[in-house]
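Here's a sequence, model it:
(chains A, B, C and D)
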Number of protein chains: 2
Amino acid sequence: MNNTVILGYSEKELKKIKSNSIDLIITSPPYADRRKKTYGGIAVVNYIEWFKPIAIEIKRILKPTGSFFLNIKPHTTKGERELYVFELVLFLKKELGFMFIEEYCWTKNGFPGKLNGRFKNAFEPVYHFTKSSPSLIKFNPLACGHPVKKESLARANRKRSSAPANGSGMTAFNTDNHKKLKIARPSNVINVNNVSNQFTLKSKHSATFPVGLVDFFIKSFSDPGDLILDPFAGSGTVGLSCIDSGRKYILIDKVSENVDLINTRINRLIEKL
Amino acid sequence: MNNTVILGYSEKELKKIKSNSIDLIITSPPYADRRKKTYGGIAVVNYIEWFKPIAIEIKRILKPTGSFFLNIKPHTTKGERELYVFELVLFLKKELGFMFIEEYCWTKNGFPGKLNGRFKNAFEPVYHFTKSSPSLIKFNPLACGHPVKKESLARANRKRSSAPANGSGMTAFNTDNHKKLKIARPSNVINVNNVSNQFTLKSKHSATFPVGLVDFFIKSFSDPGDLILDPFAGSGTVGLSCIDSGRKYILIDKVSENVDLINTRINRLIEKL
DNA sequence: CTGCACTATGAATCGCTAA
DNA sequence: GTTAGCGATTCATAGTGCA
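Next up is the predicted model:
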């Protein structure tokens, strides 16, 4: 069951997947009170209950070395930001037994919008869960590292006139990381601007995450040949990232227009290669 | 009781402050399991219980038009990020009756650390609470807006050859905001790098938030002459921001070295003016 | 005045060691 | 066993001094 796009309900389709068989799961499920036309619009008060059967299957099919990334941000109601996402994260750890590793911050160019009672929203969280201790998790910390800045590198290569005043600090600039790899450790803030798909797609699907964001997690937390799953595939961005990086994918969506769109995008990418 | 620096315990000192008298409260309390030497190191399991009496007083003394900003980020334990901060935010809303307006994201240059099992931490949240509906809250949305980029302004002034294909998007560029004020609406992501205080302070106090971050909230959510409170003043950055922007301040800290440090920094700033 | 060299440090994180 | 404390690692930045 590799490189498949499935039209169906995740709560049913995930049951057909073998336990401990998926290397990485990354998804942006429908947010509460959103996408009413395509996904029915889950109410805030029902959100955890709605997500629970999905989460149980995710935990079952994820490999012990695997990671689960959840992108979700609550909307505002009458000027207040909803808090069901915090409750969901707590539920996944305390009730379902996931380990909560980290919250990443995806920063983007927010929609300018009106000068109303709040600033524009320019970030979304991505929550990172695992089944086992993080020391056992597949992790390539420098896969998405950015080049060390010129000044830092220059300083590393410069001859020291004297030892540092104390034991800390400057010693670091003589490490393999700087001198050989020239790659700096990435941070948990990932800046990828939203891209409009109005010029590339004739579709009404609102773009979820951009491919650059998905790339970051797939490259950092899986290896080529690994199997990646997105149970709410939307426009199929996860599939495109997998093709680019040599991973296999399973994409599930219950909306047939989305599945058509995914196949169109994938075929177009494959033709290019 | 204006422009005062108080040596004392916040849970006691706040009781002396009149109800509905403070325009804005911004603070970064000691995080759980941190600063054991100066603040005793509150355990994760006791954190909400510890913060509750402070929060009750904050709600009492804050004006109905006022805002309360809380900067706190949980540490990691054995590779997992703690979740007590999410529980605290839920508690403040559900049990104490605060309104939760927004989560802001402060991005900074993270501590490099070694190439272990996680990326470096380069952001902290700031949670925004109020006592009343956000439509009643004091808010200057453009106080910290940055100038509109040249290209956006050019587009706004350019004559449209045709109406936009759909109702969204381009219309925003014809607003007063762009054409008259030439100020762009700020976002909820605030990038202020940490600054070393090695040359400005001979002190062991680690700088909490930088003055640029405090400026952002004080200018956006209060007016000149307003009264600002920081119940965990630390090195007194909130006081410096108030002096710069013409606000009055009450700073409280239980560590006498911190109070000395605050007075030194304030006196030095006043001498410069 | 500009530019470059140099330094210290940041609510970091993990793992080892001593108590 | 359990925990507190300390050492090692690491990179962007701003202030300072000097050419």
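
When you work out contacts or count neighbours from here on, use the C-alpha atoms and nothing else.
Fine.

next one: the longest helix along chain A to chain centre, how far?
Looking across chain A with DSSP state H, the single longest helix is helix A:256-272. Here helix A:256-272 is found 20 Å from its chain centre; the criterion is CA atoms, centre = their mean, to the nearest Å.

Strands of chain A, start to end?
A:4-7, A:22-27, A:62-71, A:76-77, A:80-81, A:99-107, A:123-130, A:146-147, A:183-184, A:189-191, A:227-230, A:248-253 (DSSP state E).

pLDDT averaged over the first one, what's the number?
Averaged over strand A:4-7, pLDDT sits at 98.

rewinding a little: could you save the strands of chain A as a markdown table and add columns showing mean neighbour count and distance to A:Leu92?
Output for the strands of chain A, formatted as a markdown table (neighbours: other CA atoms under 10 Å in any protein chain shown; distance: least, CA to CA, whole Å):
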| stretch | mean neighbour count | distance to A:Leu92 |
| --- | --- | --- |
| strand A:4-7 | 17 | 26 |
| strand A:22-27 | 25 | 15 |
| strand A:62-71 | 23 | 11 |
| strand A:76-77 | 11 | 23 |
| strand A:80-81 | 17 | 21 |
| strand A:99-107 | 22 | 8 |
| strand A:123-130 | 22 | 9 |
| strand A:146-147 | 14 | 32 |
| strand A:183-184 | 19 | 32 |
| strand A:189-191 | 19 | 23 |
| strand A:227-230 | 25 | 18 |
| strand A:248-253 | 24 | 21 |
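
Dump the ones you listed to CSV, plus distance to B:Gly41.
Formatted as CSV, those follow (distance: least, CA to CA, whole Å):
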stretch, distance to B:Gly41
strand A:4-7, 51
strand A:22-27, 36
strand A:62-71, 32
strand A:76-77, 35
strand A:80-81, 30
strand A:99-107, 22
strand A:123-130, 27
strand A:146-147, 36
strand A:183-184, 32
strand A:189-191, 28
strand A:227-230, 41
strand A:248-253, 46
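
Of all these, which one is nearest DNA strand D?
strand A:183-184 (3.4 Å; CA to the nearest atom of the strand).

packing partners for the closest one?
strand A:146-147 (3 or more CA pairs under 8 Å, 6 or more residues apart in numbering or on different chains; DSSP states H and E).

what comes into contact with the strand it packs on?
A:182-186 (CA atoms under 8 Å, 6 or more residues apart in numbering or on different chains).

Tell me the spacing between the closest residue to A:Val85 other than its chain neighbours and DNA strand C.
Nearest residue to A:Val85, sequence neighbours excluded (CA to CA, 6 or more residues apart in numbering or on different chains): A:Pro74, at 6.4 Å. Distance of A:Pro74 to DNA strand C, computed by CA to the nearest atom of the strand, to the nearest Å: 24 Å.

Enumerate every residue touching A:Pro74.
Neighbours of A:Pro74 in contact, by CA under 8 Å, 6+ apart: A:31-32, A:81-85.

Can you name the residues of the stretch 151-273 of chain A sitting close to chain B?
A:185-189 (CA under 8 Å from any CA of the partner chain).

filter these down to the ones near DNA strand D?
Applying CA under 7 Å from any atom of the strand to those, one finds that A:Arg185 fall near DNA strand D.

And the residues of the stretch 151-273 of chain A next to chain B, which is closest to chain B?
A:Ser187 (4.5 Å; CA to the nearest CA).

Got the confidence number for that closest one?
92.

Then the one 5 residues further on?
The model reports A:Val192 with a pLDDT of 91.

quick one: it from DNA strand C, how far?
Taken as CA to the nearest atom of the strand, the span from A:Val192 to DNA strand C is 22 Å.

Apart from its chain neighbours, what residue comes closest to that residue?
Nearest non-adjacent residue to A:Val192 (CA to CA, 6+ apart): A:Lys108, at 5.5 Å.

cool, A:Phe123 as well?
A:Thr107 (4.3 Å).

was I right about the one you found contacting A:Phe209?
No: the criterion here is CA atoms under 8 Å, and A:Thr107 misses it with A:Phe209 at 11.2 Å.

before we move on, the earlier item: beta partners for the residue nearest to A:Phe123?
A:Phe123, A:Asn191 (DSSP bridges).

Check it and give its pLDDT.
For A:Thr107, pLDDT reads 95.

which ones are touching it?
A:122-124, A:189-193, B:189.

cool, and A:Ile17?
A:Ile17 touches A:Ile61, counting by CA under 8 Å, 6+ apart.

Then the one 3 residues further on?
If a contact means CA under 8 Å, 6+ apart, then A:Asn20 has A:60-64 as its contacts.

and A:Ala245, how many neighbours?
Just to correct that, residue A:245 is Ser rather than Ala. 15 (other CA atoms under 10 Å in any protein chain shown).

Disregarding flanking residues, what is the spatial nearest neighbour of it?
A:Pro224 (6.7 Å).

in the stretch 101-250 of chain A, which spans are helices?
For the stretch 101-250 of chain A, the helices defined by DSSP state H, counting those that start in this stretch occupy A:150-157, A:176, A:211-221, A:237-245.
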